[in-house]
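> For reference, the sequence and a predicted model appear below.
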Amino acid sequence: MKLKLSPHAKKRRKLMKVTEDQIQRVVDDPEVTYSQTHHGSPRRMFVRGPLAVVTDDTGTRVVTVIWHGARGRDNTGQPLLFMRLSDGS
């Protein structure tokens, strides 16, 4: 199903240099999904790689787009992502 992006999601998409096709792929084929219903409006988060898409509870209206695991930005504006370190085993 074709997604509808909120005005905020459109701004975030442009800022992050992410295409609507990339957003659609995350929702259509996520690696991980989360649900939230206990604070405010129900939301769903779809994650694929470093990209996360937050939608309404129907999964059809995009509320925002974020870098999953980001902990800030470097001096070029790219996200600083958490890295999983090997425990050596």
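Ah, there it is. Numbering: from 1, shown residues only.
> Okay, and residue 52 sits in which element?
Using DSSP states H and E, residue 52 falls within strand 51-56.
> Please compute how far that strand lies from its chain's middle.
Centre-to-centre, strand 51-56 and its host chain are 4 Å apart (C-alpha atoms, centre = their mean, to the nearest Å).
> can you check stretch 32-42 too?
The gap between the average C-alpha position of stretch 32-42 and the chain average comes to 14 Å, counting by C-alpha atoms, centre = their mean.
> Render the CA-only coordinates of it in CSV, please.
What follows is the C-alpha trace of stretch 32-42 in CSV, where atoms were taken according to Å, rounded to 0.1, in the frame of the first residue of the first chain:
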residue,chain,number,x,y,z
VAL,A,32,12.4,-5.3,13.1
THR,A,33,9.0,-3.7,14.1
TYR,A,34,8.0,-2.1,17.3
SER,A,35,4.5,-1.0,18.6
GLN,A,36,3.7,1.7,21.1
THR,A,37,0.2,2.3,22.5
HIS,A,38,0.8,3.5,26.1
HIS,A,39,1.9,7.1,25.4
GLY,A,40,-0.3,9.3,23.2
SER,A,41,-1.5,8.1,19.8
PRO,A,42,-0.6,4.5,18.9
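> Show the contacting residues for the residue minimising distance to the centre of the chain.
To find the centre residue of the chain, average its C-alpha atoms and take the closest one (C-alpha atoms, centre = their mean): that gives residue 52, at 1.6 Å. Contacts for residue 52 (C-beta atoms under 8 Å, 6 or more residues apart in numbering) come out as 26, 45, 46, 65, 66, 67, 68. Every C-beta, even on glycine, is put in place using the N, C-alpha and C of the backbone.
> farthest-separated two in the residues you listed?
Every pair in the contacts of residue 52 was compared (C-beta to C-beta); the two farthest apart turn out to be 46 and 67, at 13.6 Å.
> Which one of those two is surrounded by more residues?
The residue with more neighbours, out of residue 46 and residue 67, is residue 46; 23 against 18, by other C-beta atoms under 10 Å.
> And for that one, nearest residue in space, chain neighbours not counted?
Computed as C-beta to C-beta, 6 or more residues apart in numbering, the closest residue to residue 46 that is not its neighbour in sequence is residue 30, at 4.0 Å.
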